[in-house]
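J.: sequence and predicted structure below; questions after.
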Amino acid sequence: MFDLITEPADRPLREKSVGSKVAAVLAHAAGLTALIGLTLSREISVRPEVPTTLAFVAPPLEQLPLPPPPPSTSRAAEASRTVSTSGQGAPTAAPAEVRAERESTGGSVGTLSGVEGGVEGGIAGGLVGAVAPVAPPPPLQTPAVTSTVPVRVGGPLKAPALVHRVEPAYSTLAAASQLSGIVVLEAVVGASGGVESVKVLRSPGALLDIAAVEALKQWRYSPLMLNGVATPFVVTVTFNFTI
């Protein structure tokens, strides 16, 4: 055994010849080819399943029902004769005698007499029991509308005439206090011409304001007419108080 380890020896089973290798490759190839061929032959031999086909068989033509026969010409002629004799169809022949229409004198529809008081172009003879047309009522006369928005007079718009004027009273208390000066007031005059409200714009003292306001509230103007409508207006009044 020691000589086998130390010295090389020739072993017939471990020969490295080219012929043995080629023979081994050919043997393996032949075995693999035989295995593939066996598998393919089994697959080809198995046939696929064919699905079942449903077939419908129609009955022969001799067993089908026949349509009803068309109506005979005698029935059609009888039906047309019945329609012509019912009185609703058009006449097929001219009548032997033509009778004149009977005229009525009672004023019914279709007469030529008419009714007294009828409408021109209406139904000839009129309608019995019809009501005569009634004239429409006259239009209502609406009164003149009075404007509620006051306008300020001045420039081209002149104030109307002053009908009633009252001068302010210079009180003894104001005279004792030696109050003097100019009081400017703004007054709103209504559509009738009377003073409705007063506002103080400038004043030297309360004693003079009271006297000026009380006097201005008693003033009265003529109505201011704009386009035929009585309109309220605003006017500015100035009082000069001197001792």
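T.: Cool, the structure landed. Numbering: from 1, shown residues only.

J.: now the chain, which segments are flagged as low pLDDT?
T.: In the prediction, the chain carries residues with pLDDT under 70 at positions 1-17, 42-66, 70-133, 140-147.

J.: show me the strands in the protein, by range?
T.: All strands of the chain, identified by DSSP state E, fall at 151-152, 162-164, 181-189, 195-202, 220-221, 224-226, 229-231, 233-241.

J.: go through those and name the closest to Val22.
T.: strand 151-152 (133.7 Å; CB to CB). C-beta: built from backbone N, CA, C; applies to glycine.

J.: give me the contacts around the closest one.
T.: Leu157, Leu224, Leu226, Thr231, Pro232, Phe233, Val234 (CB atoms under 8 Å, 6 or more residues apart in numbering).

J.: give the pairing partners of it; include direction for each.
T.: When pairing is defined by DSSP bridges, strand 151-152 lines up against strand 233-241 (parallel).

J.: list every C-alpha atom in the strand it pairs with, with coordinates, as CSV.
T.: This file holds the C-alpha atoms of strand 233-241, laid out as CSV (Å, rounded to 0.1, in the frame of the first residue of the first chain):
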residue,chain,number,x,y,z
PHE,A,233,-89.4,123.2,-1.0
VAL,A,234,-86.6,124.4,1.3
VAL,A,235,-85.9,128.1,1.8
THR,A,236,-83.3,130.0,3.8
VAL,A,237,-84.5,133.0,5.9
THR,A,238,-82.2,135.6,7.6
PHE,A,239,-83.3,137.8,10.6
ASN,A,240,-81.2,140.8,11.8
PHE,A,241,-81.6,141.7,15.4
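
J.: in it, what counts as buried?
T.: Residues of strand 233-241 classed as buried: Phe233, Val234, Val235, Val237, Phe239, Phe241 (neighbour count, 16 or more other CB atoms under 10 Å).

J.: also stretch 165-174?
T.: Residues Pro168, Tyr170, Ala174 are the ones in stretch 165-174 that count as buried (16+ other CB under 10 Å).
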